[in-house]
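Asker: Below are the sequence and a predicted model; questions follow.
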Amino acid sequence: MNNWKTEFQTAFKTLPPLYEFLEWPLPERLQEVIYSYSLFIPKTLAIKIKKAGPDSVLARQFLPDRIELSKKGFNDPIGDRLHSKAPQLIHRYSSRALFTPTTVCPVHCRYCFRKNELNQGEDFFSPDFTETIAYLNEHPEISEIIFTGGDPFTLSDEKIDFYLQSFSQVEGLKDIRFHTRYPVILPQRITDNLISVLKKHQAHFRTISIAIHCNHILEIDSDAKESILKLRDFNLLSQTVLLKGINDNTPDLINLFNQFLELGVRPYYLHHPDQVKGGLHFYLPLSEGRKLYHSLRNLLPGWALPHYVIDIPQGYGKINAHNPEKMDYSGNLIGLSGDIISAPEPNY
């Protein structure tokens, strides 16, 4: 395999060379989408997309579409801004905080819930690590730091080492979690040196977890499997977004979760899609998601069933999307005050 940094640097960032490589006709007026939401596809992923075809779940997840120009939806669908407490830090839940050390990902997913925030350069991505550490020292109730972004494995090994060493000095921090797409998008990133850096700090924390973001079994080729198996000394979790036209059916989800289990990854999160502007074509009604999840409960053992969650708009945070106490009979969410929070099917 090529060096991951070379793969990263040579990724497709403009439309003509990408479609020339794919040998597909370039759709008209697609450049307008790229002006709003940038393109980034490594060649290793482009090879998989080309093999899968223009109507595949891979093409639909990662290639731009003019429907992204719709004005429907929210810039900040889960309320990141409301809970930004320090540069690079989002504190929504008492015991854990999100750390956003980078805006850079190994691929630009077209459904990304932060696609507008990343495009607009929100303040919570601004680096000021001194203030971040000061905030953590002032809030000893925070026991877990969750590396997000962007993708934290975009950082150099040296930077990851620095952050872990710094967090190990904060009293009360017990758990570290990385959310990443690298094992399936750029598996070359999972190097022996990266693993050594992570292992170096295992003794400093109760757990180091790696949540692998993957939505369909077609994303997992032999290289991805090899990279995931290299990480089995850590607590491996999965994160999957339920997406209309991608994985909104029982067989695809069962195949994916069984593949995770074979690789030593615990299915952890099945996210109902957020109502993000530019990504509503991936949205499906909550009532459909609940029926689908109910079918999974009959086909997977309880310990292999991920949490089906939804982020309530306006920053209330995640709730269990299959908890009847939080739903009325139409599938709408019941808010903290008892009011119905609408989860309608988008009107394009």
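Answerer: That came in fine, so what should we check first? Just so it is clear, the structure is predicted and the values come from calculations on it, not from any experiment.
Asker: Low-confidence bits of the chain, can you list those?
Answerer: Counting by pLDDT under 70, the ranges of the chain that qualify are 1-2, 77-83, 119-126, 313-316, 323-348.
Asker: May I have the phi/psi pair for the most centrally placed residue in it?
Answerer: In the chain, the residue lying closest to the centroid (Cα atoms, centre = their mean) is His213, at 5.3 Å. When read as degrees, to the nearest 10, the backbone of His213 gives phi -90, psi 120.
Asker: now the strands: where do they sit in the stretch 201-348 of the chain?
Answerer: Counting by DSSP state E, counting those that start in this stretch, the stretch 201-348 of the chain has these strands, from start to end: 207-213, 235-241, 266-271, 307-312, 317-320, 333-334, 340-341.
Asker: can you pull the contacts of Phe260?
Answerer: By Cβ atoms under 8 Å, 6 or more residues apart in numbering, Phe260 lies in contact with 212, 214, 238, 266-267. C-betas here are computed from N, CA, C, even on glycine.
Asker: Settle this for me: the residue nearest to the centre of the chain is touching Ala224, isn't it.
Answerer: No: the criterion here is Cβ atoms under 8 Å, and His213 misses it with Ala224 at 11.9 Å.
Asker: anything in contact with each of these two?
Answerer: Val184.
Asker: Identify the residues contacting Ile146.
Answerer: 96-99, 177-179.
Asker: Walk me through which strands the strand or helix carrying it pairs with, and which way each runs.
Answerer: Using DSSP states H and E, Ile146 falls within strand 144-147. Strand 144-147 has the following strand partners under DSSP bridges: strand 96-99 (parallel), strand 175-180 (parallel).
Asker: Could I get those strands in CSV, plus columns for mean neighbour count?
Answerer: Below are the strands paired with strand 144-147 laid out as CSV (neighbours: other Cβ atoms under 10 Å):
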stretch, mean neighbour count
strand 96-99, 21
strand 175-180, 22
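Asker: Among those, which comes closest to Phe153?
Answerer: strand 175-180 (4.7 Å; Cβ to Cβ).
Asker: for the helix or strand that comes right after that closest one, packing partners?
Answerer: Using DSSP H and E, the helix or strand that directly follows strand 175-180 along the chain is helix 182-185. Here helix 182-185 touches strand 207-213, helix 222-229, going by 3 or more Cβ pairs under 8 Å, 6 or more residues apart in numbering; DSSP states H and E.
Asker: on that earlier part again, switch the contacts of Phe260 over to a markdown table; also include distance to Tyr111 and neighbour count.
Answerer: A markdown table is the format used below for those (distance: Cβ to Cβ, whole Å; neighbours: other Cβ atoms under 10 Å):
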| residue | distance to Tyr111 | neighbour count |
| --- | --- | --- |
| Ile212 | 17 | 26 |
| Cys214 | 13 | 23 |
| Ser238 | 17 | 24 |
| Arg266 | 23 | 16 |
| Pro267 | 19 | 23 |
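Asker: hmm, which two among the residues you listed are most spread apart?
Answerer: Farthest pair in those (Cβ to Cβ) is Cys214 and Arg266. Separation: 13.1 Å.
Asker: Common neighbours of those two, please.
Answerer: 238, 260.
Asker: quick revisit: now the strand holding Ile146 - C-alpha only, PDB.
Answerer: Taking C-alpha atoms only, strand 144-147 is exported to PDB below (Å, rounded to 0.1, in the frame of the first residue of the first chain):
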ATOM      1  CA  GLU A 144     -14.200  11.300  28.900                       C
ATOM      2  CA  ILE A 145     -12.700  13.200  26.000                       C
ATOM      3  CA  ILE A 146     -14.000  12.400  22.600                       C
ATOM      4  CA  PHE A 147     -11.700  13.300  19.700                       C
END
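Asker: Okay, buried residues for stretch 145-155 please.
Answerer: Under the neighbour-count criterion of 16 or more other Cβ atoms under 10 Å, stretch 145-155 has 145-155 buried.
Asker: right, and the secondary structure at Ile90 would be what?
Answerer: strand (DSSP: H, G, I helix; E, B strand; the rest coil).
Asker: Run a quick check on it versus Ser84, I expect a contact.
Answerer: Yes: using Cβ under 8 Å, Ile90 makes contact with Ser84 at a distance of 5.4 Å.
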